[in-house]
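Engineer: Let's see this in three dimensions:
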Amino acid sequence: MFLTFSYALIEYYCVTLHPIMTPEEYKQLKAFARQDGALLSLLWIGALICYVQGMTNPLLGVLSLILIVASPFYAASRLRHFRDYAREGTISYMRAYGYTVMTYFYAGLLLAAAVFIYFNFLDNGYLLEQISKMMNTEESKQMIKVYGLTTEQMKQALEELAALRPIDYALNILTIIISTGFLLGLPTAAVMRREVRSKR
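Structural biologist: Okay, the predicted model is just below:
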């Protein structure tokens, strides 16, 4: 339901609220957004792999965090590429926002597919097992207390995670990414927009 609503909202925004975009320009925007969304998803899939491996290798865990933090800047760089090479150096705020939201949307679809494949065929309870082991360390127990939680609450949370299906993980990730795209699209479009200056 959320996926259908999000795509319908994007379509409505690009077609109805931005009438100066021709059908050809809309096809161009979607084509670039699909391409750049695929590239962005590779960054996130790399972060997912590093996160899983980071359960036993702290350096990969740090690399996963770096990749996640870098992703909005990478998306902005792809918007700049679209602006400079497809739009001849100019792009309105509204079009830049639409492009960014669609890029996150397509990237989210691919990452959600990767998450589903991982939890359905590869994980076999590994991730939750590693998290459970981490929670049993003294450092984790102290941190749990600092946040005002109890061990029983954390165990209950793990049980709820264990009850989720692979499709649930995938849809949760997709919902988060689409929502993030709508939010991060605002500052990204504001920074990367470049209007045509009228000649006097």
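
Engineer: tell me the mean pLDDT for the top helix by length along the chain?
Structural biologist: Determined from DSSP state H, the single longest helix within the chain is helix 23-53. Per-residue pLDDT values across helix 23-53 average out to 93.

Engineer: who does that helix touch, helix- and strand-wise?
Structural biologist: helix 2-15, helix 58-81, helix 93-117 (3 or more C-beta pairs under 8 Å, 6 or more residues apart in numbering; DSSP states H and E). Just so you know, the C-beta spots here come from the backbone N, C-alpha and C atoms, and that holds for glycine as well.

Engineer: Give me the average confidence score over the first one.
Structural biologist: Okay, so that is helix 2-15. For helix 2-15, mean pLDDT rounds to 58.

Engineer: With stretch 190-200 instead?
Structural biologist: Mean predicted lDDT for stretch 190-200 stands at 71.

Engineer: Kindly calculate the angle that the longest helix of the chain makes with helix 93-117.
Structural biologist: Between helix 23-53 and helix 93-117, the angle comes out at 40 degrees (axes from the mean of the first three to the mean of the last three C-alpha atoms, to 10 degrees).

Engineer: Tell me how far helix 23-53 lies from the chain's centre.
Structural biologist: Centroid separation for helix 23-53 versus its chain: 9 Å, with C-alpha atoms, centre = their mean, to the nearest Å.

Engineer: Flag every buried residue along that helix.
Structural biologist: For helix 23-53, the neighbour count (16 or more other C-beta atoms under 10 Å) marks 26, 28-30, 32-34, 36-37, 40-41, 43-45, 47-52 as buried.

Engineer: Contacts for stretch 157-171 next, please.
Structural biologist: Residues from elsewhere that reach stretch 157-171, judged by C-beta atoms under 8 Å, 6 or more residues apart in numbering: 2-3, 112-113, 115-116, 118-120, 125, 128, 131-132, 135.
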